[in-house]
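Engineer: Test case, fold it:
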Amino acid sequence: MQVNRPVVGWTLFAIVLVILAAALVIPAFLAKPLEKPGSASSPAETTHASPSSFLSSTFPADDPARDSIPPSILPVVVLKGADYEMGLQYGGQAAAYIDRTREDKWASALGRFSREEIGKALKANQSFIRRFTPEWIDFMRGMADGATRAGFPMTYEDILLMNGTLPNPKTSAYPAGAENETVPPKRCSVASAWGSATRDGRLIGLDTLDTPDVAHAVVIVAFPDRGNAYICGADAGEIGDHFLMNNRGLFLGNSGGGGSPRPEDEGYGLGWACSLPYLVRFADGALQARDMVMKWQINVPENFHFVDVGGNACVVEKTAAVQAVRKPGDFGERDFLFSTNNYLAPEMKVTKEGGFVGGHGGYGAYAAPRNKMIWDLFHNYHGKIDVEFAKMVLRFPGGTPPYPPAGGWEAMYCRPTNLWTAVVVPDDGDGGTAHICTGPAGRILHASTASDGSVMKPTYRYAAGTHTFYRLQLAQGPAEVAEAAKQAAEEEIAEAYGKLMGLNYRDTGYADLKELYGKAVAEMFEGRNAFNRAEIDMAAAGKNAGAMKDRALARYGRAVSLYARAQAHAREVYEALVPAPTSPDALGLRPFGGGWAAWETSVGKAR
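Structural biologist: Sure thing, here's the model as predicted:
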């Protein structure tokens, strides 16, 4: 009998495949029961966040479990409910990052004070929190419990340390009664423009948080049971930090007021991590926020920059000992304001050494160049300000300056120490938007020098940074925030695709950009998966608070974080092919420093 060898070969191959399937696939299938709607799909998706709850393990440069690497694209936590509930959710979603902040804070504190001195200072901090912002007590208790349940043991004392300051006990008067408290076992720049100063009359706010350190930071989107919904940045573990915006149309920017030769300007008081989020949560406008903060005892020199969609605006310049209110027009501003790390109000001169710098630099040489620059930009380009102009300000002078003065550029808003930057467009409703960039938006190639002689050398401290913005909307609720982030991701991916398809493999860099584009697309689909699971969990939770609701919110946060990453990476592809504007002339406007206007900023001659 003649054997059909091909048939026998294929038959043997088929038998081998069946055996492999029986040995590998079937046991794996039987080992895992079918998942019911609303159930956990993996250990990484438990009720409280795991170390990789923000991001997929395919992005190791941003894995929160890696001790030394802060996120290159700020992840988002989504909170909803009562104070303790929101703290519990925050602690669960950001546990690994909060643990990094806890270690940073304790290492710094123990380098300056004994444990006894720290404990005494924390009692003083709590006395001011209890007096002015009592809701945060339960919030901090919840945060400690949430982080602990997620596998990162945390005490209330740890959280309190992250949300207060430790003044010098030798020069600070201890608050009366604080010894009876029981504790359970900033260099920045702000500006705003509205009305006649902007192209469409809408309010636009700019905010940078500057620090020589790189934080394990997050963006918080909160929907409290009491008070306004709000969005803000924060070091993980802080209740909040700037930028800040609420759903009543209020923008709050914050910057340190700089050093003072007087010891009384710093002492025990309410810290920014408690004061700032409280103001946007409970103030409906700039004037109400002004009245609230002027009644509070704060701890360090600060500027509180308030402006709302109704055109009300002011800067409260404040230390532990003295305060003043500055309004638009006090220094010639027409529908705009600015505040950095010094003071302009005459009443605050006592807190600085030296006189007033130029026409708009203020008291204090360190921050004067930024004040003069933003005056030049908002005054000379009055009526031309929009979101793209504001982003340009945060990149300017990105790249090598076209006409630097002999000693290099003075220090500007765009500087190596930008931890994150934001452009916000508030709304009295559900339409407020925030454009957020982790690190400096400009690709800084040159050193900058402040008027006090300090030099910031060009550096970049993010492992996988993008220098691009992503967009979040302070929408009606967590699901709507995620839907808006998804839409923004789809728009950014479409724009990137349109430019990328003009290249092919013969073009230098095409392969790398195509891979980056693929990452953006993958992140968008991962975001969709997280969103779907959040919707299933929220439906199962119904109106009940508890573990299922908390898991749904964590998954909404993961979805928003992934959509944000998709936006930032797609925009990185686009801007590699269409460079982002870094100066007014790149937007079709007349050149900065040209003979067509008067300039306070130190610039050379335009070429």
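Engineer: pLDDT below threshold where in the stretch 401-550 of the chain?
Structural biologist: The stretch 401-550 of the chain contains residues with pLDDT under 70 at 401-411, 445-459.
Engineer: could you pull out the strands for it?
Structural biologist: Along the stretch 401-550 of the chain, counting by DSSP state E, counting those that start in this stretch, strands occupy 418-425, 432-438, 448-449, 455-456, 469-474.
Engineer: Export the ones you listed as TSV, with columns for mean neighbour count.
Structural biologist: Where you see a C-beta, it was placed from the backbone N, CA and C, and this is true even at glycine. Converted to TSV, those look like this (neighbours: other C-beta atoms under 10 Å):
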stretch	mean neighbour count
strand 418-425	26
strand 432-438	25
strand 448-449	20
strand 455-456	14
strand 469-474	25
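Engineer: Out of those strands, which is closest to Met154?
Structural biologist: Of all these, strand 418-425 sits nearest to Met154, with 23.1 Å by C-beta to C-beta.
Engineer: now the strands of the stretch 401-550 of the chain as a markdown table including distance to Arg262?
Structural biologist: As requested, the strands of the stretch 401-550 of the chain are exported to a markdown table (distance: least, C-beta to C-beta, whole Å):
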| stretch | distance to Arg262 |
| --- | --- |
| strand 418-425 | 28 |
| strand 432-438 | 36 |
| strand 448-449 | 27 |
| strand 455-456 | 27 |
| strand 469-474 | 39 |
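Engineer: between the ones you listed, which one is nearest to Gly87?
Structural biologist: The nearest among the strands of the stretch 401-550 of the chain, by C-beta to C-beta, is strand 469-474 at 20.2 Å.
Engineer: Next up, the contacts around the residue nearest the centre of the chain.
Structural biologist: Centroid-nearest residue in the chain, with C-alpha atoms, centre = their mean: Gly233, separated by 3.3 Å. The neighbours of Gly233, taking C-beta atoms under 8 Å, 6 or more residues apart in numbering as the test, are 74, 209, 217-220, 240-243, 420, 422, 436.
Engineer: Near the residue nearest to Asn299 when sequence neighbours are not counted, how many other residues are there?
Structural biologist: Setting aside the residues directly before and after it, Asn299 is nearest to Gly269 in space (C-beta to C-beta, 6 or more residues apart in numbering), at 3.7 Å. Residues lying near Gly269 (other C-beta atoms under 10 Å) number 24.
Engineer: how far away is the residue nearest to the centre of the chain from Leu244?
Structural biologist: According to C-beta to C-beta, to the nearest Å, Gly233 stands 8 Å off from Leu244.
Engineer: what do you get for Glu483?
Structural biologist: 23 Å.
Engineer: about what we covered before: the residue nearest to the centre of the chain falls within a strand, correct?
Structural biologist: Yes: counting by DSSP: H, G, I helix; E, B strand; the rest coil, Gly233 is located in a strand.
Engineer: Spell out the residue ranges of the strands in the stretch 251-400 of the chain.
Structural biologist: Using DSSP E, counting those that start in this stretch, strands in the stretch 251-400 of the chain cover 302-308, 313-318, 323-326, 336-339, 356-357, 362-363.
Engineer: the helices in this protein, which residues?
Structural biologist: 5-20, 26-31, 83-93, 95-110, 115-132, 135-149, 156-162, 272-282, 286-293, 368-380, 387-395, 478-500, 510-541, 547-577 (DSSP state H).
Engineer: Make TSV out of the ones you listed and add mean neighbour count.
Structural biologist: Formatted as TSV, the helices of the chain follow (neighbours: other C-beta under 10 Å):
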stretch	mean neighbour count
helix 5-20	10
helix 26-31	9
helix 83-93	27
helix 95-110	20
helix 115-132	19
helix 135-149	24
helix 156-162	23
helix 272-282	25
helix 286-293	20
helix 368-380	25
helix 387-395	23
helix 478-500	20
helix 510-541	18
helix 547-577	26
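Engineer: Reformat the ones you listed as TSV; add distance to Met348.
Structural biologist: Converted to TSV, the helices of the chain look like this (distance: least, C-beta to C-beta, whole Å):
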stretch	distance to Met348
helix 5-20	77
helix 26-31	68
helix 83-93	35
helix 95-110	28
helix 115-132	22
helix 135-149	28
helix 156-162	29
helix 272-282	18
helix 286-293	15
helix 368-380	13
helix 387-395	25
helix 478-500	39
helix 510-541	46
helix 547-577	38
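Engineer: List just the one of these that sits closest to Gly205.
Structural biologist: Nearest to Gly205 among the helices of the chain is helix 387-395 (8.2 Å), distances taken as C-beta to C-beta.
Engineer: before we move on, the earlier item: mind putting the strands of the stretch 251-400 of the chain in a markdown table, mean pLDDT, distance to Arg248 and mean neighbour count included?
Structural biologist: Shown next, in a markdown table, are the strands of the stretch 251-400 of the chain (pLDDT from 0 to 100; distance: least, C-beta to C-beta, whole Å; neighbours: other C-beta atoms under 10 Å):
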| stretch | mean pLDDT | distance to Arg248 | mean neighbour count |
| --- | --- | --- | --- |
| strand 302-308 | 97 | 7 | 29 |
| strand 313-318 | 98 | 15 | 25 |
| strand 323-326 | 97 | 21 | 19 |
| strand 336-339 | 97 | 19 | 28 |
| strand 356-357 | 92 | 35 | 20 |
| strand 362-363 | 94 | 30 | 26 |
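Engineer: Dump those to JSON lines, plus distance to Gln126.
Structural biologist: Below are those laid out as JSON lines (distance: least, C-beta to C-beta, whole Å):
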{"stretch": "strand 302-308", "distance to Gln126": "20"}
{"stretch": "strand 313-318", "distance to Gln126": "21"}
{"stretch": "strand 323-326", "distance to Gln126": "23"}
{"stretch": "strand 336-339", "distance to Gln126": "29"}
{"stretch": "strand 356-357", "distance to Gln126": "39"}
{"stretch": "strand 362-363", "distance to Gln126": "33"}
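Engineer: out of the ones you listed, nearest to Arg281?
Structural biologist: Set against Arg281 and scored by C-beta to C-beta, these come closest in strand 302-308, at 14.0 Å.
Engineer: Send me the closest one as PDB with only the CA atoms.
Structural biologist: Provided in PDB are the C-alpha atoms of strand 302-308 (Å, rounded to 0.1, in the frame of the first residue of the first chain):
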ATOM      1  CA  GLU A 302       2.600  83.800  49.700                       C
ATOM      2  CA  ASN A 303       0.700  85.400  46.800                       C
ATOM      3  CA  PHE A 304      -3.000  84.300  46.400                       C
ATOM      4  CA  HIS A 305      -4.000  85.100  42.800                       C
ATOM      5  CA  PHE A 306      -7.800  85.100  42.400                       C
ATOM      6  CA  VAL A 307      -9.800  85.800  39.200                       C
ATOM      7  CA  ASP A 308     -13.300  84.600  38.100                       C
END
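Engineer: Please name every helix or strand in contact with that strand.
Structural biologist: Of the remaining helices and strands, those touching strand 302-308 by 3 or more C-beta pairs under 8 Å, 6 or more residues apart in numbering; DSSP states H and E are strand 187-193, strand 250-256, helix 286-293, strand 313-318, strand 336-339.
Engineer: quick one, which of those is nearest to Pro346?
Structural biologist: strand 313-318 (10.4 Å).
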